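> how would this look folded up:
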Amino acid sequence: MAQASVNSLRLYGVAAVESGQLASLAEGTFLVHYRALAAIVEVSPYVATPLDEDEMAKYLHVLEDAYAHAAVLPAPPGTVFQSHSVLMRWLELHYFTLTEALATVEGHAAARVSITRHNSHEAAETGRSFASLAAESLRLLRGQAAATVTLPKADSDDEDGVVARASFLVDSQRWQMFQDTVSKEAKRQSALEFQVTGPWPPYDFVRMQFGG
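Next up is the predicted model:
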């Protein structure tokens, strides 16, 4: 068990980098190369670690650091491989899927949009439900993005008046254009308020597989 703990690696994400790149993409981590891919890792005990606030903050910090230098596919928080060889087998097995996914997200950033009902409006005033108004805006924004994911509601959304949440994979060169489109929608849909956060790594657009 002690040997496994010494050799185990926590995976933060997979990046597209030059095979000769030795420098880490994020402080406190190092790269494990396989052909055109590099796993962003750190030595970690092979045990389940509670994903508390500090662990999540570190996870986000590492990925955002790496994202500033390369296209990155985020791994699920807390992912640990038992050994270097197990990680290499996983990279080999999923190599083509990972490279295709990196090609899709390269040059793109995620924008998270939250739509909230305006405090000064009542649904009856609009003649339409807030949900249908938000859905109309999301359809328009979808046309400005390479991909869209509807985000699940948070526990506090009803209390906070949040009508809808979505994440958009936006071409980095068109980021300002996307923000301008959201601003125009906010003016057009006076019953709703829009909040955009980002640019983020593509957290909402990656689903890594670890079986097999």
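> Mean pLDDT per helix and strand in the protein: which one sits at the bottom?
Across the helices and strands of the chain, mean confidence by mean pLDDT, DSSP states H and E is lowest for helix 123-126: a mean of 46.
> need the next SSE after that helix, C-terminal direction.
Counting by DSSP states H and E, the next helix or strand C-terminal to helix 123-126 is helix 130-142.
> who touches that next one?
With C-beta atoms under 8 Å, 6 or more residues apart in numbering as the test, helix 130-142 has contacts from 113, 115, 117, 123, 126, 148, 150, 163-164, 166, 168, 178, 181-182, 185, 189, 191-192, 194. All C-beta spots, glycine's among them, are computed from the backbone N, C-alpha and C.
> for the chain, what are the low-confidence residue spans?
Residues of the chain meeting the criterion pLDDT under 70: 1-6, 19, 21-22, 119-128, 210-212.
> Helices of that one, start to end?
Remark: helices assigned in the chain by DSSP state H are 2-7, 53-67, 84-93, 95-105, 123-126, 130-142, 157-160, 175-188.
> I'd like to know which of those helices is closest to A36.
Among the helices of the chain, helix 95-105 comes nearest to A36, with 6.3 Å by C-beta to C-beta.
> Tell me which other helices or strands that closest one touches.
Here helix 95-105 touches strand 9-16, strand 37-43, strand 72-74, going by 3 or more C-beta pairs under 8 Å, 6 or more residues apart in numbering; DSSP states H and E.
> Please repeat the previous calculation with a cut-off of 6 Å.
Under the contact definition 3 or more C-beta pairs under 6 Å, 6 or more residues apart in numbering; DSSP states H and E, helix 95-105 sits against no other helix or strand.
> Begin at 29, not 1, for the rest of this chat.
Shifting the count to begin at 29 puts that one at helix 123-133.
> ok so, going back, filter the contacts of helix 158-170 down to the buried ones.
Buried members of these, scored by 16 or more other C-beta atoms under 10 Å, are 141, 143, 145, 154, 176, 191-192, 194, 196, 206, 209-210, 213, 217, 219-220, 222.
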